[in-house]
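S.K.: Fold the following, please.
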Amino acid sequence: MLSTDLHEASVAFGRALAHAPAVAAYRAAAAALDTDPIAQAVLANLREQLTAVTRMQQSGLTPSSGELERLRERQAAVRSNDAVMEHLRATNEVKAFLPIAAREVSLALGTDYSSLIASASC
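M.R.: Now for the predicted structure:
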């Protein structure tokens, strides 16, 4: 059982983390992506074509120029979708931010926070 002080500090940290600009931007971008049917469709189309090309290559076949052109077209559709690209940017920003937050927690705790959570989650 956590001490009351540690529990309160954990809750406060969670709230602060949720409101950090990188995390807030990620959550907003994820919500926008989840509710955008066009973005979902372009991602599904890309996954479908990637799967087809990958299966062909794994079977020892060379994808046709048409298959590769469809893959390029679907990649371009993903790159031109604002919701997908904003989600990608926000994902990259939150990935860069979280190790910084972990270092700050480590300094506050006086121990390596990353190793604490890694051993608890494995």
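S.K.: who touches the spatially most central residue of the chain in this structure?
M.R.: Closest to where the C-alpha atoms of the chain average out (C-alpha atoms, centre = their mean) is residue 91, at 4.4 Å. Contact analysis of residue 91 by C-beta atoms under 8 Å, 6 or more residues apart in numbering lists 26, 29. Where C-beta positions appear, they are placed from N, C-alpha and C, glycine not excepted.
S.K.: what's the pLDDT at residue 67?
M.R.: Looking at residue 67, its pLDDT is 96.
S.K.: quick one: the helices in this protein?
M.R.: With DSSP state H as the criterion, the chain has helices at 4-19, 21-34, 37-58, 65-79, 82-109, 113-121.
S.K.: my read: residue 94 touches residue 29, true?
M.R.: No: between residue 94 and residue 29 there is no contact under C-beta atoms under 8 Å: 9.2 Å.
S.K.: Not counting sequence-adjacent ones, nearest residue to residue 32?
M.R.: Of all residues not flanking residue 32 in the chain, residue 83 sits nearest, at 5.2 Å (C-beta to C-beta, 6 or more residues apart in numbering).
S.K.: Who are the contact partners of that neighbour?
M.R.: 29, 32, 33, 36, 38, 39.
S.K.: The residues you listed into CSV, with extra columns for distance to residue 105?
M.R.: Formatted as CSV, the contacts of residue 83 follow (distance: C-beta to C-beta, whole Å):
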residue, distance to residue 105
29, 24
32, 29
33, 28
36, 34
38, 39
39, 33
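S.K.: Wait, residue 96 touches residue 22, no?
M.R.: Yes: if you go by C-beta under 8 Å, residue 96 and residue 22 touch, sitting 7.4 Å apart.
S.K.: hang on, the earlier thing: out of the contacts of residue 83, which are buried?
M.R.: Buried subset of the contacts of residue 83 (neighbour count, 16 or more other C-beta atoms under 10 Å): 29, 32, 33, 36, 39.
S.K.: contacting residues around the fourth one?
M.R.: In other words, residue 36. residue 83.
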